[in-house]
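Student: sequence unknown, structure follows:
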C-alpha cells in the first residue's frame, strides 16, 4: 500500500510493529451496529473486518425484493432465514425493519427483553440527536419498530371475543382486527412455544382466552392466525437458529411448518436448502415441507459465515459434525482451526484453570490484555464441593465468551442423544486427550 503523505515524525518501523501487534477488531456490537444502521440508513457503512461483507447485504436485499413481489401479487408469505451461530441473523432482521419500516410499517419482535430495552433506549437517544440536526427528515419510532414478542402476542389475545367450534372469533371486522404491520420479523423463531406451553397459566395464575379448553393453536400458529386476518398481503420473516431450542416448551422450526401446512397452506414459503439439516429437525421437517403447496428455495436465505469467530469459520461445522456423530469429518475440521481456536477437554477443574492461566501469560507477553474467564452451568452441582455455585441466571450470564456460550448451548441440546464420548474420540484422535 502506497502512503501518499506522512507526518514529518512518522516512523515506518514503529508503525509496522504497532500494526502487526494490534488487536483484532472485527465488527461493532449489535447495539453499535444497529444504531449506526438506523441513523445512517446504509448497511454497507457498517464496519466489517475479514467477514463476507456482501452476505448480510445480499440476504437483506433478497428479502426486500421478495417482500415487494409479495405485495404486488397480494399474497401472504413467510421467509425462514437460517444461519450458523453468530452469523448475523439478528442484524439482518434489524436491518430489514429499518429498511422497510417507512414503506411497509414493519416490526422486529424478540423474546430477549434486555436486547429490546437496550436497543430501544439507544435508538431513542440517537434518533433525538440525529433529528435535532436534520430537520425535515421523518423520525423513526423505536418503540413501534422493536417490540417484545410477548407484548405483541398479548395484543393479539385482546382481539379475541370467544371460541366457537374450535374457531377464534374476533371483535369486529377481520381486516380491522388485523395487525397494523405488513412485515413482521421474529427473532429466534425456533424458540416459539408449543401449544402446551402457550396455554398453561403463567406465574401469576391469571387465566385468559389462551386457557380455554378449545383453544386450538401453538404460538407460531396463533401469531400467523393474527396476521392472516388481513384480507390482502402480509410478510413474515423467521430468523432461525438450528438446534437452539433450549428451554421447556420451545417448539422449534417444525411447529412453524406444521402450522402453515395445517391452517395456512395458501401462504408462500421461502426456505434455504440448509433448513433441511439435522439441526433443524431433519427428516420430520422434510416430510412436512413436502405437504406445503407453495414453496421456493434460495441459498440467499442462509448465512454460512460466523461473525464471532471469523478466524475459525469451521467451528460451527465442527460442532455440527460432532453432534451428528461424523467423527472423521469433525477431526478433519478441528485440525484446520486448532491453532487459531484451540479446544481442550478435561474433567479436572484445576487442570483447566492452569491451562487458562498459561494462555493468559502468553497473551500478556505479546502485549494483549489476556482476559480469561469461566462459563459454568447453573446445574453443575458436582462443582459445589469445590466452592463453585451459581444461584441466579443473571450471575452466570456475565461470565464467559459469547461464541463459546452459544456453542455450549448447541452441545447441550444433543447431550441426550450423543454421548460426550464423541467429543473425546474426536479430540483424542488429534492428540489432545
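Tutor: Looks like it arrived, so ask away. This structure is a prediction, so every number in the text was calculated from the model and none was measured. Numbering: from 1, shown residues only.
Student: Might one say that residue 274 is in contact with residue 82?
Tutor: Yes. Residue 274 lies in contact with residue 82 (CB atoms under 8 Å); the separation is 5.1 Å. (Glycine included, C-beta is placed from N, CA and C.)
Student: which residues are in contact with both of the two?
Tutor: 280, 302 (CB atoms under 8 Å, 6 or more residues apart in numbering).
Student: neighbour count winner among the two?
Tutor: More crowded of residue 274 and residue 82, by other CB atoms under 10 Å: residue 82, with 26 against 20.
Student: Check the gap between that one and residue 120 for me.
Tutor: Note on residue 82: its distance to residue 120, by CB to CB, to the nearest Å, is 27 Å.
Student: Which parts of this structure belong to which domain?
Tutor: Following the assignment in automatic domain parsing, the chain carries domains at 30-303, 310-429.
Student: avg pLDDT for the shortest one?
Tutor: I take that to be domain 310-429. Within the predicted structure, the mean pLDDT of domain 310-429 is 69.
Student: same thing with the first one?
Tutor: Averaging pLDDT along domain 30-303 yields 80.
Student: Quick check: which of the domains of the chain is buried the most?
Tutor: Mean neighbour count, computed with mean count of other CB atoms under 10 Å, is highest for domain 30-303 among the domains of the chain, reaching a mean of 18.
Student: which residues does residue 317 contact?
Tutor: 84, 333.
Student: Where does it sit, in terms of helix or strand?
Tutor: Assigned by DSSP states H and E, residue 317 falls within helix 315-323.
Student: That helix: what's the following helix or strand?
Tutor: Remark: after helix 315-323, the chain's next helix or strand is helix 327-337, criterion DSSP H and E.
Student: Quick check: nearest residue in space to residue 273, chain neighbours excluded?
Tutor: Nearest residue to residue 273, sequence neighbours excluded (CB to CB, 6 or more residues apart in numbering): residue 297, at 5.7 Å.
Student: Do I have it right that the one you found meets residue 274?
Tutor: No. Assessed by CB under 8 Å, residue 297 is found out of contact with residue 274, at 9.8 Å.
Student: could you give the angle of the helix holding residue 317 to helix 327-337?
Tutor: 160 degrees (axes from the mean of the first three to the mean of the last three CA atoms, to 10 degrees).
Student: Would you map the strands across this structure?
Tutor: With DSSP state E as the criterion, the chain has strands at 76-83, 106-110, 146-148, 160-164, 167-170, 183-186, 234-241, 268-271, 294-297, 302-303.
Student: Take these and write them to CSV, including distance to residue 335.
Tutor: As requested, the strands of the chain are arranged in CSV below (distance: least, CB to CB, whole Å):
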stretch, distance to residue 335
strand 76-83, 25
strand 106-110, 37
strand 146-148, 42
strand 160-164, 57
strand 167-170, 55
strand 183-186, 38
strand 234-241, 26
strand 268-271, 33
strand 294-297, 33
strand 302-303, 25
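Student: Figure out which of the ones you listed is closest to residue 68.
Tutor: strand 234-241 (9.4 Å; CB to CB).
Student: contacts for that closest one?
Tutor: Under CB under 8 Å, 6+ apart, the answer for strand 234-241 is 63, 66-67, 70-71, 76-83, 85, 89-90, 92-93, 96, 104, 179, 182-190, 224, 227-228, 253, 256, 275, 280.
Student: what lines up beside it in the sheet?
Tutor: Strand 234-241 pairs in its sheet with strand 76-83 (parallel), strand 183-186 (parallel), by DSSP bridges.
Student: Looking at those, spot the one closest to residue 116.
Tutor: Smallest distance to residue 116 across the strands paired with strand 234-241 (CB to CB): 12.7 Å, for strand 183-186.
Student: picking up where we left off before, go through the strands paired with strand 234-241 and name the closest to residue 329.
Tutor: strand 76-83 (19.9 Å).
Student: the helices in the stretch 101-250 of the chain, which residues?
Tutor: Along the stretch 101-250 of the chain, counting by DSSP state H, counting those that start in this stretch, helices occupy 113-133, 142-145, 149-157, 174-177, 195-199, 219-228.
Student: Then the stretch 251-400 of the chain?
Tutor: Under DSSP H, counting those that start in this stretch, the stretch 251-400 of the chain gives helices at 253-263, 282-290, 315-323, 327-337, 349-365, 393-396.
Student: Quick one: those as JSON lines, columns for distance to residue 200 too.
Tutor: Formatted as JSON lines, the helices of the stretch 251-400 of the chain follow (distance: least, CB to CB, whole Å):
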{"stretch": "helix 253-263", "distance to residue 200": "16"}
{"stretch": "helix 282-290", "distance to residue 200": "24"}
{"stretch": "helix 315-323", "distance to residue 200": "30"}
{"stretch": "helix 327-337", "distance to residue 200": "39"}
{"stretch": "helix 349-365", "distance to residue 200": "38"}
{"stretch": "helix 393-396", "distance to residue 200": "21"}
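Student: Identify whichever of those helices lies nearest to residue 379.
Tutor: Residue 379 lies closest to helix 393-396 among these, at 10.8 Å (CB to CB).
Student: My understanding was that residue 87 contacts residue 305; is that so?
Tutor: Yes. Counting by CB under 8 Å, residue 305 is a contact partner of residue 87 at 6.2 Å.
Student: show me the contacts for the nearest residue to residue 171 once chain neighbours are set aside.
Tutor: Excluding its sequence neighbours, the residue lying closest to residue 171 (CB to CB, 6+ apart) is residue 161, at 4.6 Å. By CB under 8 Å, 6+ apart, residue 161 lies in contact with 169, 170, 171.
Student: What of residue 197?
Tutor: Listed by CB under 8 Å, 6+ apart, the contact partners of residue 197 are 219, 248, 249, 250, 251.
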